[in-house]
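Asks: Sequence first, predicted model second:
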Amino acid sequence: MALVAVLTVALSACNGGTKDPGEGSGKPGGTFSVALTEPDHLIPGQTTSSYALQVIQGLFDSPVTLDPKDGHVVPLAAQSVTSPDQRHWTVKFRDGAVFHNGEKVTAQSFADAWNAAAFGPNAWETNYYFAQIEGYDKLNPGEGQKPAADKLSGLKVLDETTLQVDLNAPFSQFPMMLSFPAFAPLPKAAFTDTKAFDLRPVGNGPFEMNGDWQHNQKISLKRAASYNGARTPKADAVEFKIFTSKDTAFTELQAGNVDIVTTVPAARAAEAKRSFGKRYSVRPSGAMDYLGVPVGDKRFADPKLRRALSMAIDREGITQAVYNGVFTPADSLVAKMIPGHRPGACGETCTYNPAKAKALFDEAGGLSGPLELYFSNSDPTYEQWMTAVANQFKQNLGIKDVVFRKMANADLGPLLNDRENTGPYRQNWVIDYPSMQNYFDGLFNAENRMGWSSEKFDALVAQGNAAPETDLVPYQSAEDIALRELPLIPLWNWQDQSAWSPEVGNVVIDPYVTGLHLDKVTVTS
């Protein structure tokens with residue numbers, strides 16, 4: 001049954017996505033602009049940032065993509081992804097594809113990219129995505145040890161268009177995982193001078209770089225003349241204009257200085273609806289906000305204290321006051337649109353109860369020293385809700401000294417990855433593919449920012465990975481453990497708000513693929 005389902009999915013054709021106001025308007029060609037926050041990298045394997053992935057998904061075709069309407073797998077660079085047992089997979093790629101520099105895209109191009117990301121000493125951020133593949137442990141030995149290999153033994157190039165992938169264990173989510181940009185191919189140039197390549201990556205997607213990435217200013221793309229894949233662009237070019245604040249980006253949209261804002265600040269939802277009418281869109285999202293807790297710090301080691309922090313937060317009040325009710329209070333570790341989400345899974349732990357929060361806080365021995373809260377400066381609402389949380393901690397728990405550590409997202413990410421923070425932090429997760437496993441693998445992997453580990457949790461996730469795609473009970477049981485231990489406190493579930501100028505049409509933003517479908521946008525004048 002699993003094999004039949006995978007074969008059917010792998011050979012399905014994409015239906016073109018969701019229709020939006022302006023679809024079909026405009027003529028081929030033209031240039032449009034998109035507001036963006038400064039990415040960290042533009043090499044697919046080096047980043048999981050949604051800001052970077054918005055650009056990368058225009059530059060690269062991953063093996064598969066997800067249908068905008070329901071998230072099912074559809075082919076892209078691959079023709080099929082099949083398996084007899086969910087452990088041994090065969091990926092058959094399209095013949096005739098080329099990189100923007102003319103180099104042929106082959107199965108080896110994918111193997112090279114995956115090996116680079118999986119090789120521990122490279123320290124690429126998507127490393128853990130490849131942990132399912134045989135040989136990963138030899139590329140990622142313990143601290144102070146040298147890798148025994150630099151290539152995954154589970155990758156075997158059978159011919160120019162065929163890659164065999166052997167996993168450590170059965171994994172039903174593997175075809176869906178291949179939609180994530182980390183699984184895109186890389187040309188040889190990516191390995192000769194990685195830093196230079198990061199400034200001007202050469203991909204296999206519908207757009208190519210038009211000059212170098214100009215940090216903190218812009219990233220310009222143009223239609224790739226060599227592209228012969230399924231996502232032929234309607235526009236000739238796209239310019240990403242980089243802003244430090246989403247609030248500023250929205251103001252620039254109102255002024256006519258940018259065409260598309262993919263993330264309208266929730267605090268400006270009513271304003272956006274008035275100003276843009278049918279050119280304003282709200283869609284369900286897999287994105288979640290959390291408060292991450294450094295459990296390796298003895299001050300936060302007791303789960304009772306972490307539950308106290310959670311129950312001291314008025315999620316309903318904050319989502320109304322800061323996000324105008326667009327975001328919804330979290331009742332689970334996963335978003336409501338994800339298969340397997342259970343309403344109320346978090347129970348009283350995610351319910352505002354100041355009295356019980358204070359009792360738990362006191363029972364856990366309270367908190368010594370100042371409470372430092374870490375967040376980025378890329379959106380003014382982050383400081384607004386952190387201020388509300390800080391006030392509730394003061395009022396409900398009696399914490400007197402709360403200190404904000406606000407910094408650029410490009411600085412905050414590495415600090416959290418290295419576990420150098422000394423207090424809780426804003427953690428956001430934008431889904432790579434619509435699966436509970438994606439949250440658990442991305443947020444609770446061995447290198448997680450919280451410093452938390454649980455053998456029982458890991459075993460249940462592994463059980464879920466090996467189960468048929470429709471059996472989500474092991475994942476739900478794993479979630480129960482994480483909610484009891486609470487190294488990551490669920491806060492609220494986003495909804496995606498976007499707005500665009502009358503200069504563009506056919507704006508498609510769905511909850512399954514990161515950001516805007518660049519290839520679908522039309523220029524109307």
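Replies: Ah, there it is. Residues are numbered from 1 along each chain as shown.
Asks: What's the first helix or strand after the longest helix that the chain contains?
Replies: Counting by DSSP state H, the longest helix found in the chain is helix 380-397. Next helix or strand after helix 380-397 toward the C-terminus (DSSP states H and E): strand 402-407.
Asks: Give me the helices and strands touching that following strand, please.
Replies: strand 371-376, helix 380-397 (3 or more Cβ pairs under 8 Å, 6 or more residues apart in numbering; DSSP states H and E). C-betas here are computed from N, CA, C, even on glycine.
Asks: what angle do whichever helix or strand comes after that strand and strand 402-407 make?
Replies: Using DSSP H and E, the helix or strand that follows strand 402-407 towards the C-terminus is helix 409-417. Relative orientation of helix 409-417 versus strand 402-407 (axes from the mean of the first three to the mean of the last three Cα atoms, to 10 degrees): 120 degrees.
Asks: I'd like to know the average pLDDT value across stretch 495-514.
Replies: For stretch 495-514, mean pLDDT is 89.
Asks: can you tell me the distance between the two ends of it?
Replies: Distance across stretch 495-514, first residue to last, is 13 Å (Cα to Cα, to the nearest Å).
Asks: What's the local residue count around residue 74?
Replies: Look at residue 74: counted by other Cβ atoms under 10 Å, it has 19 neighbours.
Asks: and after the one helix or strand it maps to, which helix or strand comes next?
Replies: For residue 74, the host element (DSSP H and E) is strand 73-75. Next helix or strand after strand 73-75 toward the C-terminus (DSSP H and E): strand 78-82.
Asks: I'd like the average pLDDT over that following strand.
Replies: Computed over strand 78-82, the mean pLDDT rounds to 97.
Asks: which other helices and strands contact it?
Replies: Packing partners of strand 78-82 (3+ Cβ pairs under 8 Å, 6+ apart): helix 2-10, strand 88-93.
Asks: what pairs with that strand, and is each one parallel or antiparallel?
Replies: Paired strands of strand 78-82, with direction, are strand 88-93 (antiparallel) (DSSP bridges).
Asks: helices or strands next to whichever helix or strand comes after the strand it pairs with in the packing?
Replies: Proceeding N to C from strand 88-93, the next assigned helix or strand is helix 107-118, under DSSP H and E. Applying 3+ Cβ pairs under 8 Å, 6+ apart, we find helix 107-118 packed against strand 88-93, helix 136-139, strand 155-159, strand 162-166, helix 189-192.
Asks: which residue is nearest the middle of the chain?
Replies: For the chain, residue 430 is the residue whose C-alpha lies nearest the centre (Cα atoms, centre = their mean; 3.7 Å).
Asks: which ones are touching that one?
Replies: By Cβ atoms under 8 Å, 6 or more residues apart in numbering, the contact list for residue 430 reads 50, 286-287, 514.
Asks: export those residues to a markdown table and tack on neighbour count?
Replies: Output for the contacts of residue 430, formatted as a markdown table (neighbours: other Cβ atoms under 10 Å):
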| residue | neighbour count |
| --- | --- |
| 50 | 20 |
| 286 | 24 |
| 287 | 19 |
| 514 | 24 |
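Asks: Roughly how far does residue 170 sit from residue 479?
Replies: Relative to residue 479, residue 170 is positioned 21 Å away (Cβ to Cβ, to the nearest Å).
Asks: Kindly report the same for residue 461.
Replies: 10 Å.
Asks: Same question for residue 81.
Replies: Distance from residue 81 to residue 479, counting by Cβ to Cβ: 27 Å.
Asks: ditto for residue 51
Replies: Counting by Cβ to Cβ - residue 51 and residue 479 are separated by 28 Å.
Asks: Neighbour count: these two, which is higher?
Replies: Using other Cβ under 10 Å, the more surrounded residue of residue 51 and residue 479 is residue 479, with 27 against 23.
Asks: quick one: contacts for the more buried one?
Replies: Listed by Cβ under 8 Å, 6+ apart, the contact set of residue 479 reads 332-334, 345, 436, 440.
Asks: Look at the closest residue to residue 453 other than its chain neighbours and tell me its secondary structure.
Replies: Sequence neighbours aside, residue 446 is the residue nearest to residue 453 in space, at 7.2 Å (criterion: Cβ to Cβ, 6 or more residues apart in numbering). Three-state call for residue 446 (DSSP: H, G, I helix; E, B strand; the rest coil): coil.
Asks: just checking, residue 446 touches residue 128?
Replies: Yes. With contact defined as Cβ atoms under 8 Å, residue 446 reaches residue 128; the gap is 7.0 Å.
Asks: Run a quick neighbour tally on residue 80.
Replies: Count around residue 80 with other Cβ under 10 Å applied: 17.
Asks: Assign residue 232 to helix, strand or coil.
Replies: Residue 232 ends up coil, using three-state DSSP.
Asks: Repeat that for residue 358.
Replies: At residue 358 the chain is in helix, as set by three-state DSSP.
Asks: Could you check the pLDDT of it?
Replies: Looking at residue 358, the pLDDT reads 98.
Asks: Quick check: it touching residue 399?
Replies: No. Residue 358 lies out of contact with residue 399 (Cβ under 8 Å); the separation is 10.6 Å.
Asks: From the contacts of residue 479, which land in helices?
Replies: Using DSSP H, the subset of the contacts of residue 479 located in helices is 436, 440.
Asks: May I ask you to confirm that residue 90 is in contact with residue 82?
Replies: Yes. Between residue 90 and residue 82 there is a contact under Cβ under 8 Å: 5.3 Å.
Asks: report the angle between the axes of the longest helix of the chain and strand 371-376?
Replies: Put simply, helix 380-397 runs at 160 degrees to strand 371-376, going by the same axes, to 10 degrees.
Asks: Who are the packing partners of helix 380-397?
Replies: Helices and strands touching helix 380-397, by 3+ Cβ pairs under 8 Å, 6+ apart, are helix 303-311, helix 315-323, helix 354-363, strand 371-376, strand 402-407.
Asks: List the buried residues for that helix?
Replies: Buried residues in helix 380-397, counted by 16 or more other Cβ atoms under 10 Å: 381-386, 388-390, 392-393, 396-397.
Asks: now stretch 220-235
Replies: Here stretch 220-235 shows 220-224, 227, 229-231, 233-235 as buried, counting by 16+ other Cβ under 10 Å.
Asks: One more: stretch 259-273?
Replies: In stretch 259-273, counting by 16+ other Cβ under 10 Å, buried: 259-269, 271-272.
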